[in-house]
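Engineer: For reference, the sequence and a predicted model appear below.
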Amino acid sequence: MVLNKTENVKCNEDIERERKKCSFDPLELTHLLDGSPEKTRERKEREHYFLSDPELRDTIPQDYLSHKEKYEEAVRKACILFRKVTQLRDKGGDLEIFRQTLSGMLGSAILKDGNPFTLHYVMFLPTIVGQGTVEQQAEWMGKAWNCDIIGTYAQTELGHGTFIRGLETTAHYDPRTQEFILNSPTLTSYKWWPGGLGQTANYAVVVAQLHTKGVCHGINPFIVQLRDEETHKPLPGIKIGEIGTKLGMNATNNGYLGFENVRIPREHMLMKNAQVLEDGTYVKSPSDKLTYGTMMFVRVIILQDMAGYLSKASTIAIRYSAVRRQSELKPGEPEPQIMDYLTQQYKLFPNLAACFALRFNAIWLWNMYNNVTAELEDGDLDRLPELHALSCCLKAVCTADAAQGVEICRLSCGGHGYMTCSSMPSIYGLVTAACTYEGENTVMLLQTARYLMKAWQQAVGGMAMTPTVAYLKLAVSGNNNPQYWENSTVCIIRAYQQVAAGKIKMCAENMDRRIRGGISPEDAWNMTSIELAQCAEAHARAIIVDKFVESVVELNVSSALKTVLRQLSELYAVYWLLQKSGDFLMYSDVSARDIPSLQNWLEVLLSQIRPNAVGVVDGFDICDEILSSALGSYDGRVYERLFEEVSKSPLNKQSVNVSFQKYLKPFLKASL
Ligand SMILES: Cc1cc2nc3c(=O)[nH]c(=O)nc-3n(C[C@H](O)[C@H](O)[C@H](O)COP(=O)(O)OP(=O)(O)OC[C@H]3O[C@@H](n4cnc5c(N)ncnc54)[C@H](O)[C@@H]3O)c2cc1C
């Protein structure tokens, strides 16, 4: 049964006591997070449908498998998983099933170390939709949707990931045969990283430099068949393999790919934007930015995933901190639950708050993405740069905070957090990867900074500003003078905007000063880039805090739940203010004499959240099968589960290991 709450197992007494202390109904939170009681019911049914299938369970913990076995097991499970997904879809299920099983909590519970099919759904299919013509969609979507073919997205090369204009794979158009000829002219031009590329996919969207009529027109996407549809053997001219073990995600089958005179029909170039006509004439895309669509979509999904993974890590760490007792607060008194140490609360609760910050911002960005995409369909590109800038900085800040947050949660579990059966290492592996893929985080921040520099010039020029940078107008107009400070979210949001505006202004001035001093704009950019990345981070933090506070205010929930969520939103805002206090002292209404009262506010919030912490993570409603952690299960039977887990180690199957006779005994008896 998926719902552990109904299991007839006695819970740890401390965790039971925590549940009795809770001032709100965790079920109300669950319904809020799912969207409605009906949606909660649907989610639970889906979880039960997948997790109760014995075929999708691990017989041996994955960590005890070899790299090859892990992959083969992942493909086995992925095939069962997507057969089931297709059945649900055909019964009228919505796209949420795909999100849940691919990148969401359910997917990462079944395929803990990554899914070799993810790229097919997350990048291959969306790229065809986003960049294929109607005819191309008609040809490819059916096959891909029905899994007659499995695709991946091959952009990054050994030599270039970030700088996509520097990609070296070539696609030369031959008007005689109306084909493109693909080549990998150098070692560094080999594709490197695409998920599922190694042994899984038989097709790929390949990004290559397009040459026609002797001119290079830059990078374009092409659909390329990699393997025979029957034998799965690589097609002639395709050099393909897997890139080996990584920090995490070891079952995603990331691969390499090279081309030697591989011919593909002209129609395999995805031509919704740029086109090559039969005679080789190149027709330019109306906007370079149109190709950003798929990447922005994926970044929005990443935000949702980060919220999920951090919720998982927080659930494990908070339940464990309720069960674990250690040391003494007062001599002679019983050992306290480690959650009673303020330093432990300081590790746990800001991350608990961040789960909501990320989640509410993901919803907000998702709505904006849908609105802007609808405007794009009508040819209106006005808000695309703003969306692009937001998706970049939010992706960077949310993935970095989630990775740091998961690591803090792991550390908060002491030694047991280091065990793979805590699930913390695998969660960290999934989260930290997102700091690099879909745009390396520093590079993302610098892209937002470029937009912010333009926005600053617009604000200085008195032009109309889009909503998310409207705060710059205040900084320009001089209405940004110090005001009376009080510990309120109104003041805090204003202070975050003052910091962002102050940092943006400083970057613009430093750039300007350097350029006026005779330094080239490019060098001035590089010389200012530490501050530029920081101003983009400040902009993201101003947005995150604003949207978090605003979302909580607008919620239609009981006052008991609203109080807890308000405390969490305030904690998030105060925590990051104190983390960045130098910036706030420099640029905002906060003065040095306000810091002690802000610190006090933070401490009060920690103590207010303390009695509800277990209730909040219960409200996340992440079932034990998904948590997959000896430390975080609902019943709090931490020590029993740790012992159950060690019994699964193959080393414990024999009382004396063969290495004793082979090496250890001769070594011990050698009288060295
Ligand atoms: C788990 C995982 C899965 C992936 N899956 C795929 C996939 O399916 N398909 C695919 O095509 N790719 C994939 N990638 C590749 C990924 O997109 C790239 O690794 C990423 O874009 C970063 O590029 P890079 O590796 O070339 O890093 P680099 O760009 O070389 O970055 C190295 C360092 O240089 C810095 N740097 C680079 N450029 C600048 C700049 N302009 N200004 C300042 N600093 C700079 C960076 O900040 C970083 O610190 C995956 C990567 C990972 C880790």
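Structural biologist: Structure received.
Engineer: Check which helix or strand the nearest residue to residue 581 once chain neighbours are set aside maps to.
Structural biologist: Spatial nearest neighbour of residue 581, excluding adjacent residues (Cβ to Cβ, 6 or more residues apart in numbering): residue 595 at 6.2 Å. C-beta coordinates here come from the backbone N, C-alpha and C atoms, glycine included. According to DSSP states H and E, residue 595 maps onto helix 595-609.
Engineer: Now do the contacts for residue 189.
Structural biologist: Applying Cβ atoms under 8 Å, 6 or more residues apart in numbering to residue 189 gives the contacts 157-159, 167-170, 258.
Engineer: Buried ones among these?
Structural biologist: 157-158, 167-170, 258 (16 or more other Cβ atoms under 10 Å).
Engineer: Report the two of those residues separated the most.
Structural biologist: Farthest-apart pair in the buried ones among the contacts of residue 189 is 158 and 170; separation 15.2 Å (Cβ to Cβ).
Engineer: Show me where this structure has its strands.
Structural biologist: Counting by DSSP state E, the chain has these strands, from start to end: 151-154, 170-174, 179-183, 191-192, 203-212, 215-225, 238-242, 255-259, 262-265, 275-276, 282-283.
Engineer: Could you list the low-pLDDT ranges of this protein?
Structural biologist: For the chain, applying pLDDT under 70 flags the ranges 1-8, 287-294, 479-482.
Engineer: what does it put close to the ligand?
Structural biologist: 119, 153-156, 160-162, 193-195, 249, 254, 433, 436-437, 439-440, 442-443, 446 (Cβ under 6 Å from any ligand atom).
Engineer: Just give the nearest non-adjacent residue to residue 442, would you?
Structural biologist: Per Cβ to Cβ, 6+ apart, closest to residue 442 is residue 533, 5.7 Å.
Engineer: by how many degrees do the longest helix along the chain and helix 595-609 diverge?
Structural biologist: In the chain, taking DSSP state H as the definition, the longest helix is helix 342-377. Here the directions of helix 342-377 and helix 595-609 differ by 90 degrees (axes from the mean of the first three to the mean of the last three Cα atoms, to 10 degrees).
Engineer: Check which helices and strands helix 342-377 sits against.
Structural biologist: helix 293-323, helix 384-412, helix 521-554, helix 559-579, helix 595-609, helix 613-620 (3 or more Cβ pairs under 8 Å, 6 or more residues apart in numbering; DSSP states H and E).
Engineer: How about residues contacting the fourth one?
Structural biologist: In this structure, residues lying in contact with helix 559-579 by Cβ under 8 Å, 6+ apart are 23-25, 28-29, 32, 349-350, 352-354, 356-357, 487, 489, 492-493, 495-496, 541, 545, 548-549, 552, 555, 557, 584, 590, 595, 598-599, 601-602, 605-606, 608-609, 612, 615-616.
Engineer: Now, of those residues, which are buried?
Structural biologist: Looks like the contacts of helix 559-579 have 24, 29, 32, 349-350, 352-354, 356-357, 489, 492-493, 495-496, 541, 545, 548-549, 552, 557, 584, 590, 598, 601-602, 605-606, 608-609, 612, 615-616 buried, using 16+ other Cβ under 10 Å.
Engineer: Same question for the longest helix of the chain: list its buried residues.
Structural biologist: For helix 342-377, by 16+ other Cβ under 10 Å, it's 344-365, 368-369, 372, 376.
Engineer: Could you do stretch 247-257 as well?
Structural biologist: Residues of stretch 247-257 classed as buried: 248-257 (neighbour count, 16+ other Cβ under 10 Å).
Engineer: what's the answer for stretch 562-578, then?
Structural biologist: In stretch 562-578, residues buried by neighbour count (16+ other Cβ under 10 Å) are 564-578.
Engineer: gap between the residue lying farthest from the centre of the chain and the ligand?
Structural biologist: What lies farthest from the middle of the chain is residue 671; by Cα atoms, centre = their mean that is 55.6 Å. With distances taken as Cβ to the nearest ligand atom, to the nearest Å, residue 671 is found 51 Å from the ligand.
Engineer: shouldn't residue 65 be in contact with residue 73?
Structural biologist: Yes. When contacts are counted by Cβ atoms under 8 Å, residue 65 is listed as touching residue 73 (6.4 Å).
Engineer: Overlap in contacts, these two.
Structural biologist: With Cβ under 8 Å, 6+ apart as the test, residue 65 and residue 73 reach no residue in common.
Engineer: Right, I'll leave it there.
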